[in-house]
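A.B. asks: dropping the sequence and predicted coords here.
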Amino acid sequence: MTFTAVGSGQFGQAGLTTVSVTTHSVGNFILCEAGDQIGSTALATALSSSNATWTLLGSSFAGTTNASSCQIFLGQDTAVSTATLTATFSGSSTTPFIVGREFSTTAGFSAVTFDKQGHIDSGGTNTWASLTPANNGSLYWGFAENAGSASEGSTSGYVY
């Protein structure tokens with residue numbers, strides 16, 4: 001199975017609970033992270049849009065070193081359109097964010113499964129969480145907030 005990033009890049013917005021999302025092909029999928037970035041542990045409990053069906057993946061993460069929260073969602077494209085994507089939170093979200101990326105796969109959406117997750121809860125690190133995939137050809141997607149000068153990685157066997 002191979003994965004291909006679709007569209008012109010990640011979409012997203014800090015400071016809002018809604019963003020515009022454009023889907024490109026029925027059957028593609030979107031990985032999306034929604035959360036609260038500073039000083040709150042309000043959890044994103046659901047995503048909704050008229051062009052995708054959304055499912056919560058994995059477990060929630062609430063930072064201890066850095067008070068923040070995040071959830072990962074999987075969206076299956078159900079229509080080719082631009083729509084408003086809305087995040088619902090468990091409490092008062094002071095600095096919400098929504099970011100995501102659309103992908104296609106040669107095996108079709110029914111073959112997409114969630115394997116595992118990791119997180120970073122520290123400042124000053126430039127290393128992604130170490131994960132060992134269950135199978136070759138797995139998709140490793142992540143989002144990081146950076147106030148400095150982030151750059152793509154260079155690990156052999158990965159596409160950035």
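C.D. replies: Arrived safely, thanks for sending. Residues are numbered from 1 along each chain as shown.

A.B. asks: and the residue lying closest to residue 21 once chain neighbours are set aside, what pLDDT?
C.D. replies: Among residues not flanking residue 21 along the chain, residue 85 sits closest, at 4.4 Å (CB to CB, 6 or more residues apart in numbering). To be clear about C-beta, it is placed using only N, CA and C from the backbone, and glycine gets the same treatment. Note on residue 85: pLDDT of 96.

A.B. asks: now do the contacts for residue 85.
C.D. replies: By CB atoms under 8 Å, 6 or more residues apart in numbering, the contact set of residue 85 is 18, 19, 20, 21, 32, 47, 48, 49, 52, 98, 100.

A.B. asks: so what's the last one bridging to?
C.D. replies: Per DSSP bridges, the residues bridged to residue 100 are residue 11, residue 32.

A.B. asks: ok, and the closest non-adjacent residue to residue 105?
C.D. replies: Nearest non-adjacent residue to residue 105, counting by CB to CB, 6+ apart: residue 3, 5.2 Å away.

A.B. asks: any idea how far residue 83 is from the one you found?
C.D. replies: 23 Å (CB to CB, to the nearest Å).

A.B. asks: against which helices or strands is the helix or strand hosting residue 97 packed?
C.D. replies: Per DSSP states H and E: residue 97 is located in strand 96-105. The elements that strand 96-105 packs onto, with contact taken as 3 or more CB pairs under 8 Å, 6 or more residues apart in numbering; DSSP states H and E, are strand 3-14, strand 18-22, strand 29-36, strand 82-89.

A.B. asks: excluding covalently adjacent residues, which one is nearest to residue 43?
C.D. replies: Among residues not flanking residue 43 along the chain, residue 90 sits closest, at 4.5 Å (CB to CB, 6+ apart).

A.B. asks: quick check: the one you found vs residue 37, distance?
C.D. replies: For residue 90, the distance to residue 37 - CB to CB - is 16 Å.

A.B. asks: who has more neighbours out of the two?
C.D. replies: Between residue 90 and residue 37, counted using other CB atoms under 10 Å, the more crowded position is residue 37 (19 against 15).
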